[in-house]
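**Q** the following comprises the amino acid sequence and a computationally predicted model.
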Amino acid sequence: MRPRAVALAALVLGLAAPLAAQEVRGRVLDAATGAPIAEADVLLGLDGWSARILTDGAGRFRFDSPGGARRLRVRRLGYARADVAIDRERDLTVRLEPLPVALDAIVVTAARREQRLADAVVATELISAADIARSGAPDVATLLTERTGIQLDGGVPAGAGAMLQGLGAQRVLVLLDGQPVVGRVNGNLDLSRLPVSAIERVEVVKGPQSTLYGSDALGGVINLFTRRPPAGGASARAGAAAGSHGRREVTAGWAVVRGTVGWSADGGFRTVDLAPGVGAESGTLARRWHAAPSLRWQAGEAWTLEAAALVVGERQRYRTGQLYHHGDNTQVNARVAATRRRGTSRVAPVLSLSRFDHLSRTSTGLEPASDSGAQDVQQLAQLEVPWSLALAGVMVDAGVQLRRDQIRAERVPGGTRVLHSVEPFVQATWSAGPLQVTPGARVTASERWGTVVAPRIAALWRPVPVLGVRAAVGRGYRAPDFKELYLEFVNAAAGYAVRGNADLEPETASNVSASAEWLAGPAYARAGAFDNRYRDFIDTGAPDATGTFTYRNVARGSTRGVELEAGFTSSHWRLETGYAYLHARDDATGAPLLGRPAHSARLAASVTAGWLRLGSTLLYTGATPLQQDAFGAITGERAGFARLDLRAAARLPWTLELSAGVDNVFDRTLGAEWPGFTGRQAFVGLRWVREAGSAAVVRR
């Protein structure tokens, strides 16, 4: 062949090479956590968008495409869109930045069914898996108390609960996968008992929610959702952490889906030489283990069957004076559920069991005396049958709960008490253009304390997609617990006694709330106001002439306030801030309610630079009244408390992540005045996540 012909042939082949089929592959990862993103929408660009694919469980995608393709567009709900130039690189890593508020995220707490966050008629705060990973929190209490408007509520004995809208942990309902959790000691449910390694997301709804959830929801609802099997394939994870004050943690989990069946398990061990809700650090201890298995079966197109459990074992120790107090606890939560969907209707019966065994002992040494102690067993068995149906443009959510509450305790006359209740509920949502109106009511009939009705009406107006305005008026209640009804306790050494009152009525609270949120791409702002008027709160009051305290319905007062939040996310950094004001008063005296700060604030910032992520959070809690005289005048106050936390995380090869953090960098301490230890704490951790699966190939 002549040299000129050879050159011409080479030129033709060189021009045609870009049009030959070539492979484009890669992974889509969360820019904040490095975790793979499943079901991300990947589009290949060639004269428009020539092909489309969803990533698999490992975040992988793969195309056989013409060589002329020059760009990718990657989208996923809850993330900012990414446009990526292919150029000569054919093995790509695409990192999506989480949006500060994902309005398309699916939540269930506001309506007891799946719906978009943007459509929830009452304001719902979603703490996602990415938020949990960024926090570095080992337990639910630590995670929640870093959020705007949620305050730590310590207990006696040890415990770390959450206060919402000025209403303490005794009046905040905690759910696990939508089912109530028992385990309150002196009214406080210790959220530090629950590990975040088993939790996929958290939904918080503030203000009375008794219309849908019954008793204990005066202050709001905290709904914890355990990890579920992935959409396909398999996944595994493991982590370890160590830190100051004897902190040691080991966790592991895996999940597998084979055809229509998926199963998962999570387990771990945690220990720290501190006790939840106790400010001191001498002689304190909290040691816990947990196991959380689950099973899911897609039985045809209409039915889904699930079974899941969370078991936690715990030992706590703290000191008062010369005595050590020991608490040995076992928490068991289990449920079996079925969901049937047909057209616009859904029915989802759930049978659940929650049990808490509490052994309390004292000693003069670090180990409890084996022959001492008092044991309480709390148990709740519940059958719930909720259903949803769209009728002539109206969405109806209704159902009924059958409850059996039981306690076994030495301080309860007869040793064992049982209460039964029947609780039907219904709410309907009317939609008219940008306006939704949702009235509802719940009727609870108890064999012991009678009947109570909890109505509510809520509305959502969304004139444009980026703006949502919500308002609600409702009534909540809390039923008297077993010890308030039946307790018989005598402390002869101290010269006092505590007696229950079988004639107690439920506590009630009425609520008016309004909020507005604005979301425009990477920026958001939210403002809300609330007014709670409570009555018949249960208290022991002053002792009688014999030194006996008796529970009675006495208190009446109000909590009102505002909460403000704003945030912004770019491709590399994230900024969030929040402020809450609370005005809580006792109507009888006009005095502030004790233990409730008027001001609190939060400022969080993070930056991602390649493989490194740095974050900081500044938390401020204002001055808090702690003591008052007989006339209601404040005689003791806790000073304001500011805390700066720092976090760092580095992505390593083999899907490893190394993290480190310091809480309370400047070691500001308040001692026993704060419901929990306030000194500096540091930790370092290593996490491994492995997502398996096969990426499908899409051909043009």
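**A** Structure's in. What do you need?
**Q** what is the burial count for R319?
**A** 16 (other Cβ atoms under 10 Å). For every residue, glycine as well, the C-beta is placed using N, CA and C.
**Q** now it. Nearest residue, chain neighbours left out?
**A** G283 (4.0 Å; Cβ to Cβ, 6 or more residues apart in numbering).
**Q** one more: A241?
**A** According to Cβ to Cβ, 6+ apart, the nearest residue to A241 is G685 (3.5 Å).
**Q** I'd assumed E249 was in contact with the one you found.
**A** Yes: using Cβ atoms under 8 Å, G685 makes contact with E249 at a distance of 7.4 Å.
**Q** next, show the common contact partners of those two.
**A** 239-242 (Cβ atoms under 8 Å, 6 or more residues apart in numbering).
**Q** shaky segments in the stretch 451-600 of the chain?
**A** Counting by pLDDT under 70, the ranges of the stretch 451-600 of the chain that qualify are 492-494.
**Q** returning to what we had before: list the contacts for the residue nearest to R319?
**A** With Cβ under 8 Å, 6+ apart, G283 has these contacts: 317-319, 324, 366.
**Q** any idea how far it is from P675?
**A** According to Cβ to Cβ, to the nearest Å, G283 stands 18 Å off from P675.
**Q** what do you get for N333?
**A** As judged by Cβ to Cβ, N333 and P675 stand 25 Å apart.
**Q** N186 too?
**A** For N186, the distance to P675 - Cβ to Cβ - is 13 Å.
**Q** between those two, which one's more packed in?
**A** Using other Cβ under 10 Å as the criterion, N186 and P675 rank with P675 on top: 28 against 12.
**Q** let me know the secondary structure of that one.
**A** coil (DSSP: H, G, I helix; E, B strand; the rest coil).
**Q** okay, the nearest residue to it once chain neighbours are set aside: pLDDT?
**A** Nearest non-adjacent residue to P675, counting by Cβ to Cβ, 6+ apart: G154, 2.4 Å away. pLDDT, G154: 70.
**Q** need the contact list for G154.
**A** G154 touches 160-161, 188, 276-278, 674-676, counting by Cβ under 8 Å, 6+ apart.
**Q** swap the cut-off to 10 Å and go again
**A** 160-161, 163, 168-169, 188, 190, 275-279, 595, 672, 674-676 (Cβ atoms under 10 Å, 6 or more residues apart in numbering).
**Q** buried ones among those?
**A** 160-161, 163, 168-169, 188, 190, 275-279, 595, 674-676 (16 or more other Cβ atoms under 10 Å).
**Q** which ones among those residues map onto helices?
**A** Per DSSP state H, helices hold no members of these.
**Q** how about the spatially most central residue of the chain: what's its closest non-neighbour residue?
**A** Nearest to the geometric centre of the chain sits V202, at 2.5 Å (Cα atoms, centre = their mean). Leaving aside its sequence neighbours, V202 sits nearest to I127 (Cβ to Cβ, 6+ apart; 4.1 Å).
**Q** how about the one you found, phi and psi?
**A** Recorded main-chain torsions at I127 are phi -110, psi 110, according to degrees, to the nearest 10.
**Q** show me the contacts for it.
**A** Applying Cβ under 10 Å, 6+ apart, the residues contacting I127 are 135, 140, 143-144, 146-147, 196, 199, 201-204, 222, 224.
**Q** for the residues you listed, give me a markdown table that also has pLDDT.
**A** Shown next, in a markdown table, are the contacts of I127 (pLDDT from 0 to 100):
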| residue | pLDDT |
| --- | --- |
| S135 | 83 |
| V140 | 92 |
| L143 | 91 |
| L144 | 90 |
| E146 | 84 |
| R147 | 89 |
| V196 | 92 |
| I199 | 93 |
| R201 | 91 |
| V202 | 94 |
| E203 | 94 |
| V204 | 94 |
| I222 | 94 |
| L224 | 95 |
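**Q** buried only: go through those for me.
**A** Buried among the contacts of I127 (16+ other Cβ under 10 Å): 135, 140, 143-144, 146-147, 196, 199, 201-204, 222, 224.
**Q** among those, which are located in helices?
**A** Using DSSP H, the buried ones among the contacts of I127 in helices are 135, 140, 143-144.
**Q** ok, the residues you listed vs G610, which is closest?
**A** S135 (21.8 Å; Cβ to Cβ).
**Q** so the closest one sits right up against G661, yeah?
**A** Yes: contact criterion Cβ atoms under 10 Å: S135 and G661 qualify, at 9.3 Å.
**Q** and the helices in this structure, which stretches?
**A** 3-16, 129-135, 140-144, 210-213, 482-486.
**Q** which of those helices has the lowest mean pLDDT?
**A** Among those, helix 3-16 scores lowest, at a mean of 46.
**Q** put the buried members of the contacts of G283 into a ChimeraX selection.
**A** Buried residues within the contacts of G283, by 16+ other Cβ under 10 Å, are selected in ChimeraX with:
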select :317,318,319,324
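**Q** tell me which two of the contacts of G283 sit farthest apart.
**A** Y318 and L366 (11.4 Å).
**Q** now do the shared contacts for the two.
**A** With the criterion set as Cβ under 10 Å, 6+ apart, the overlap between the contacts of Y318 and L366 is 283, 285, 324, 326.
**Q** let me see the contact set for the third one.
**A** For Y324, the contact set (Cβ under 10 Å, 6+ apart) comprises 283-285, 317-318, 361-368.
**Q** neighbours of the nearest residue to L658 once chain neighbours are set aside, how many?
**A** Spatial nearest neighbour of L658, excluding adjacent residues (Cβ to Cβ, 6+ apart): A650 at 4.8 Å. Neighbour count for A650, taken as other Cβ under 10 Å: 15.
**Q** the one 5 residues further on too?
**A** Residues contacting T655 under the criterion other Cβ under 10 Å number 18.
**Q** can you check T635 too?
**A** Around T635 there are 9 residues (other Cβ under 10 Å).
**Q** surely G279 touches W674?
**A** Yes: G279 lies in contact with W674 (Cβ under 10 Å); the separation is 5.1 Å.
**Q** distance of E447 relative to E200?
**A** 37 Å.
**Q** right, I mislabeled it, should have said G671
**A** In terms of Cβ to Cβ, G671 sits 36 Å off from E200.
**Q** per the record, what domains does this protein have?
**A** 17-96, 129-138+142-147+174-699 (automatic domain parsing).
**Q** run through the bridge partners of Q627.
**A** Beta-bridge pairing for Q627 (DSSP bridges): G636.
**Q** OK, contacts around it?
**A** Contacts of Q627 (Cβ under 10 Å, 6+ apart): 594, 633-638.
**Q** which one of the contacts of Y324 sits closest to T577?
**A** T284 (33.3 Å).
**Q** I figured that closest one hits Q316, correct?
**A** Yes: T284 lies in contact with Q316 (Cβ under 10 Å); the separation is 8.3 Å.
**Q** please enumerate the shared neighbours of those two.
**A** Taking Cβ under 10 Å, 6+ apart as the contact rule, T284 and Q316 both touch 158, 274-276, 278.
**Q** give me the nearest residue to L103, chain neighbours excluded.
**A** A118 (3.7 Å).
**Q** ok, now which ones touch that neighbour?
**A** So A118 contacts 101-105, 107, 460, 462, 465-466, 468, 517, 519 (Cβ under 10 Å, 6+ apart).
**Q** which among the shared contacts of G685 and E249 end up buried?
**A** The neighbour-count test (16+ other Cβ under 10 Å) marks 239, 241 as buried among these.
**Q** looks like R52 contacts A40 (just checking).
**A** No: R52 lies out of contact with A40 (Cβ under 10 Å); the separation is 11.2 Å.
**Q** how far out from the middle of the chain is the top strand by length along the chain?
**A** If you go by DSSP state E, the chain has its longest strand at strand 323-342. Between the centre of strand 323-342 and the centre of its chain there are 15 Å (Cα atoms, centre = their mean, to the nearest Å).
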